[in-house]
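Novice: Return a 3D structure for these sequence lines:
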Amino acid sequence: MPYTLADGGAATARRRDVVYRRVTRALAVALVPVAWLAAPHRCAGTARERAPLGSRAQTLGSRARTLGPARHRACQWALAARFPAEELAGLTGATRAAFEAARAEALWRHGELIGLTSGYRDPREQARLFAAAVARDGSVAAAWRRVLPPHASRHVAGTALDVRPTEGARWLERHGDRHGLYRTYDNEWWHFEYRPDGRPVRLPHPGVPEPCPPRRPDSRTCMSAASRR
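Specialist: Numbers count the residues shown, from 1 in each chain. This is a model prediction of the structure:
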């Protein structure tokens, strides 16, 4: 779902975002010594530790270590202070670790904030969102352009992320591949998915079937619209 600022004007919002970025980055820097003293040998739970041995997810997750464990953990603390209402529970271990690594890199190296608007969704919540979309848009087919039912949702699977603000989404679109995170729909700038096997085809909207991989035309290897978002 999209993120909008409740502000008194675009200029005011931009100034406020600049302040938020600078303060959060400064807080992360200040917390590095605390993170190191708190647990010098284990202060970062990275995707390398959470992903299955030998998987590409493990290789991607090892990038979290490029900041160093103390910086990585300090960034998580600072981001938790900036986005206190976030809920990361329910994401798969590899998805959460990839997201944490990406947003830590964005904050530490580029001063960009990436917040989570929606991650894992309970099937009942996804069903409610889909029913509301059907009622609003007038048909199931129209609703599929914006929201998918529970059996089709990657939010329910714990591998989809709706992020904020737009600047953070732009950063993730440019650099997320280093962590296996990709924007998957043209009509949703905020929606990213964890795809450790490589960049997927970006689709116009969730209702468009994902094409079959080359040289593997049988239906079992294709992801239809009913197995994605």
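
Novice: wait, what's in contact with residue 76?
Specialist: Residue 76 is in contact with 100, 104, counting by C-beta atoms under 8 Å, 6 or more residues apart in numbering. In short, each C-beta sits where N, CA and C put it, glycine included.

Novice: secondary structure class for it?
Specialist: helix (DSSP: H, G, I helix; E, B strand; the rest coil).

Novice: for this structure, longest helix please?
Specialist: helix 10-38 (DSSP state H).

Novice: That helix packs against which elements?
Specialist: Applying 3 or more C-beta pairs under 8 Å, 6 or more residues apart in numbering; DSSP states H and E, one finds that helix 10-38 makes contact with helix 69-82, helix 93-110.

Novice: tell me the most buried of those?
Specialist: helix 93-110 (a mean of 24; mean count of other C-beta atoms under 10 Å).

Novice: Need the mean per-residue confidence for that helix.
Specialist: Helix 93-110 carries an average pLDDT of 97.

Novice: CA atoms only: put that helix into PDB for me.
Specialist: C-alpha atoms of helix 93-110 as PDB (Å, rounded to 0.1, in the frame of the first residue of the first chain):
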ATOM      1  CA  GLY A  93      14.200 -15.300   8.000                       C
ATOM      2  CA  ALA A  94      16.000 -14.700   4.800                       C
ATOM      3  CA  THR A  95      13.600 -11.900   3.700                       C
ATOM      4  CA  ARG A  96      14.000 -10.100   7.000                       C
ATOM      5  CA  ALA A  97      17.700 -10.400   7.000                       C
ATOM      6  CA  ALA A  98      18.000  -9.100   3.400                       C
ATOM      7  CA  PHE A  99      15.700  -6.100   4.200                       C
ATOM      8  CA  GLU A 100      17.700  -5.300   7.300                       C
ATOM      9  CA  ALA A 101      21.000  -5.500   5.400                       C
ATOM     10  CA  ALA A 102      19.700  -3.300   2.600                       C
ATOM     11  CA  ARG A 103      18.200  -0.600   4.800                       C
ATOM     12  CA  ALA A 104      21.400  -0.500   7.000                       C
ATOM     13  CA  GLU A 105      23.500   0.000   3.900                       C
ATOM     14  CA  ALA A 106      21.100   2.700   2.600                       C
ATOM     15  CA  LEU A 107      21.300   4.600   6.000                       C
ATOM     16  CA  TRP A 108      25.000   4.200   6.700                       C
ATOM     17  CA  ARG A 109      26.400   4.700   3.200                       C
ATOM     18  CA  HIS A 110      23.900   7.000   1.600                       C
END
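
Novice: Now do the residue most central in space within the chain against residue 73, distance only.
Specialist: Nearest residue to the geometric centre of the chain (C-alpha atoms, centre = their mean): residue 161, 3.6 Å. For residue 161, the distance to residue 73 equals 20 Å [C-beta to C-beta, to the nearest Å].

Novice: ok so, going back, any chance of TSV for the helices and strands packed on helix 10-38, columns distance to residue 144?
Specialist: Below are these laid out as TSV (distance: least, C-beta to C-beta, whole Å):
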stretch	distance to residue 144
helix 69-82	33
helix 93-110	23
